[in-house]
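Enquirer: give me a 3D structure for the following:
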Amino acid sequence: MASLSRLVRGLLVTVLGILVVGLLATIVFAVTIFVVSTGAGLAGYDPSADFVVLAASLIVVAVILTGGFTPRLSNGVRDDDDDGFDDRTYN
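Expert: Numbers count the residues shown, from 1 in each chain. Below is the predicted model of the structure:
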C-alpha cells in the first residue's frame, strides 16, 4: 500500500510541475509578445499579429534552447571546479 501512495504522490507532483511550467511559459510568452509589439511600435512599424506571434515564438524557442544547451547549467558543474573548461559566457 505504501508503494501505491508513493506512486500517486509522485504522479501528483509531476502533474503540478507540468502545470507550473506551463503557466510560467505562458506568462513569458505573453511578456515577449508585449515586448515585440512595443519594440515594433517604437521603431515605427505596424506588424500584423501573425508576425508578432511568430517573432515572439522564435525568441522564446531560442531562449529555451540556449538555456538547455548551456554547459554550466545542464551538467550541474560548479564554477569553482577546475575542470579545464573555459566558459567565457559566465565570466
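
Enquirer: tell me what the host helix or strand of residue 64 is packed against?
Expert: Secondary structure from DSSP states H and E places residue 64 in helix 49-69. Contact analysis of helix 49-69 by 3 or more CB pairs under 8 Å, 6 or more residues apart in numbering; DSSP states H and E lists helix 2-42 as its packing neighbours. (Each C-beta comes from the backbone N, C-alpha and C, glycine too.)

Enquirer: if we can go back for a sec, between the helix holding residue 64 and helix 2-42, how big is the angle?
Expert: Orientation check (axes from the mean of the first three to the mean of the last three CA atoms, to 10 degrees): helix 49-69 against helix 2-42 gives 130 degrees.

Enquirer: quick check, central residue of this structure?
Expert: Ranked by distance to the mean C-alpha position of the chain (CA atoms, centre = their mean), the top residue is residue 64 at 4.3 Å.

Enquirer: return the distance of that residue relative to residue 28.
Expert: 9 Å (CB to CB, to the nearest Å).

Enquirer: and the helix holding residue 64, how far out from the chain's middle?
Expert: 10 Å (CA atoms, centre = their mean, to the nearest Å).

Enquirer: likewise for stretch 35-47?
Expert: Counting by CA atoms, centre = their mean, stretch 35-47 comes out at 23 Å from the chain centroid.

Enquirer: mind listing what's buried along that stretch?
Expert: Neighbour counts over stretch 35-47 (16 or more other CB atoms under 10 Å) mark 36-37 as buried.

Enquirer: and that stretch, C-alpha only, in CSV?
Expert: Provided in CSV are the C-alpha atoms of stretch 35-47 (Å, rounded to 0.1, in the frame of the first residue of the first chain):
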residue,chain,number,x,y,z
VAL,A,35,8.0,43.4,-25.9
VAL,A,36,8.0,42.6,-29.6
SER,A,37,4.8,44.6,-30.2
THR,A,38,6.1,47.6,-28.3
GLY,A,39,9.5,47.4,-29.9
ALA,A,40,7.9,47.3,-33.4
GLY,A,41,5.8,50.3,-32.5
LEU,A,42,8.7,52.3,-31.2
ALA,A,43,10.6,51.5,-34.4
GLY,A,44,7.7,52.9,-36.4
TYR,A,45,6.5,49.5,-37.7
ASP,A,46,2.9,48.2,-37.6
PRO,A,47,3.3,44.5,-38.0
